[in-house]
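Student: No letters, just coordinates:
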């Protein structure tokens, strides 16, 4: 293997784990800072191991390239990784090449001092990098010249090794910086898409609010305060439309902090009342509906109105997903100390890539939806210390499972 091939091999060994880290960070949703740091440390240590294990060496003289990981760790403020690299580098040079231990300790002590100055913002990353390169090259050449137990390469060969080290270091740092730039661009694009989605959702919500207000205005234009029949006919309609608007606004403003007032309630009674309200709609759309409830009452601590809101939303979604001659079932199961409510249909289903997006506020697959229904339902169930999960297959149907804690008498 020639020096050029060795250079390429070392760059690959160093950059491959870092590239995997970059891809993971770019495409992993909602990656936390602790998780990001953990994977960066893992990537750097993996690169350090690979370059030590499979890196290029010539005539028993290991090239300097495994020190690239140390400078990357110092620049990125990875203290633990830096000290691991320093400790093993001293051991490696002493054990495998019999370098002078005191000179090694002095050399790597200087790197620690540079790192301390860098953390206190007294020197920049560029100064740290250049100082490290000069010191490393100088001490490496000095150690080789001091050795008497192995056949030394020529001064020109030492220079070639140092030039290769410079090349690998700068190429690795360039690749690392390019990866971080790609991540920044990716995150900016995601933010722009999210902002666009929020704007579209706000437009839809505005449209939803505009409709009841327009109805109220129309009735008010026709309203004659001196006509009693108008009062009896129009006032209830106006109240209903205003209440609908207020509910929509309240849900929009408070969907992340849903308030629930829990009390002892029978979940089976709630399911009976909710499904009874949809009986006419089931008949109109020729939907076969099945309600399976246990014979005994099932009590939970819950907010009756809020849970009713969840069930109405789920059944309404099922109805809207069915085009012709569909089937909807609502089942309540009693297992151990849990109550399971399962709503399933044979509607058009949800695409696999959209299932995960259901957790996002404002996301909707409906043409005129606001994207609040599913998000609100999730928050309401969460406020009850329960869980809600969706399983769906396109053109087959959807199954929604709610799990709540049962009150044991």
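Tutor: Great, that's in hand. Keep in mind it's a predicted model, so treat the numbers as computed, not measured.
Student: Map the structural domains onto the sequence of the chain.
Tutor: Split into domains by automatic domain parsing, the chain comes to 3-190, 204-254, 263-405.
Student: so can I have a markdown table of these showing mean neighbour count and mean pLDDT?
Tutor: Just so you know, the C-beta spots here come from the backbone N, C-alpha and C atoms, and that holds for glycine as well. Below are the domains of the chain laid out as a markdown table (neighbours: other CB atoms under 10 Å; pLDDT from 0 to 100):
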| stretch | mean neighbour count | mean pLDDT |
| --- | --- | --- |
| domain 3-190 | 16 | 76 |
| domain 204-254 | 13 | 73 |
| domain 263-405 | 17 | 84 |
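Student: Tell me where the chain has helices.
Tutor: For the chain, applying DSSP state H gives helices covering 3-27, 33-54, 67-75, 79-97, 101-119, 125-146, 155-222, 228-254, 267-277, 279-284, 304-321, 352-355, 373-383.
Student: which residues sit against the third one?
Tutor: Applying CB atoms under 8 Å, 6 or more residues apart in numbering, the contact partners of helix 67-75 are 14, 18, 44-45, 47-48, 51, 81-82, 85-86, 89, 111, 114-115, 118, 125, 128-129, 132-133, 136, 165, 168-169, 172-173, 176.
Student: hmm, try it at 6 Å
Tutor: 14, 44, 47-48, 81-82, 85, 115, 125, 132, 136, 168-169, 172 (CB atoms under 6 Å, 6 or more residues apart in numbering).
Student: Need those in TSV (columns: distance to residue 214).
Tutor: As requested, the contacts of helix 67-75 are exported to TSV (distance: CB to CB, whole Å):
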residue	distance to residue 214
14	64
44	61
47	63
48	67
81	63
82	65
85	68
115	66
125	60
132	69
136	74
168	69
169	67
172	63
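Student: on that earlier part again, could you work out which of the helices of the chain reaches nearest to residue 297?
Tutor: Of all the helices of the chain, helix 267-277 sits nearest to residue 297, with 5.9 Å by CB to CB.
Student: The residue nearest to residue 132 when sequence neighbours are not counted and residue 78, how far apart?
Tutor: Spatially, and ignoring its direct neighbours in sequence, residue 132 is nearest to residue 71 (5.1 Å; CB to CB, 6 or more residues apart in numbering). Applying CB to CB, to the nearest Å, the value for residue 71 to residue 78 is 11 Å.
Student: same question, residue 230
Tutor: As for residue 230, its distance to residue 78 is 75 Å (criterion: CB to CB).
Student: just to revisit the earlier point, right, and out of the contacts of helix 67-75, which lies closest to residue 236?
Tutor: residue 44 (68.9 Å).
Student: Now for that closest one: which residues touch it?
Tutor: Applying CB under 6 Å, 6+ apart, the residues contacting residue 44 are 69, 73, 81.
Student: Going by distance to residue 332, which of those wins?
Tutor: residue 81 (53.5 Å).
Student: Now that the closest one has come up, it's in contact with residue 41, right?
Tutor: Yes - applying CB atoms under 6 Å, one finds residue 81 in contact with residue 41, separated by 5.3 Å.
Student: contacting residues for residue 241?
Tutor: So residue 241 contacts 212, 215-216 (CB under 6 Å, 6+ apart).
Student: What separation is there between it and residue 219?
Tutor: 8 Å.
Student: same deal with residue 249?
Tutor: Separation of residue 249 from residue 219 (CB to CB) stands at 20 Å.
Student: same deal with residue 351?
Tutor: From residue 351 to residue 219 the distance is 41 Å (CB to CB).
Student: Also residue 280?
Tutor: 25 Å.
Student: do the same with residue 128
Tutor: According to CB to CB, residue 128 stands 73 Å off from residue 219.
Student: repeat for residue 403
Tutor: Taking CB to CB, one finds residue 403 at 44 Å from residue 219.
Student: Ok, residue 139 next?
Tutor: Note on residue 139: its distance to residue 219, by CB to CB, is 88 Å.
Student: Could you do residue 178 as well?
Tutor: Distance of residue 178 to residue 219, computed by CB to CB: 63 Å.
Student: what's the answer for residue 236, then?
Tutor: Shown here: residue 236 relative to residue 219, a distance of 10 Å by CB to CB.
Student: just residue 17 next, same as before
Tutor: Here residue 17 is placed at a distance of 68 Å from residue 219 (CB to CB).
Student: would TSV of the contacts of residue 44 with distance to residue 182 be doable?
Tutor: Formatted as TSV, the contacts of residue 44 follow (distance: CB to CB, whole Å):
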residue	distance to residue 182
69	21
73	21
81	22
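Student: of all those residues, which comes closest to residue 106?
Tutor: Using CB to CB, the contacts of residue 44 come closest to residue 106 at residue 73, 20.2 Å.
Student: Quick check: the gap between residue 341 and residue 334.
Tutor: With distances taken as CB to CB, residue 341 is found 11 Å from residue 334.
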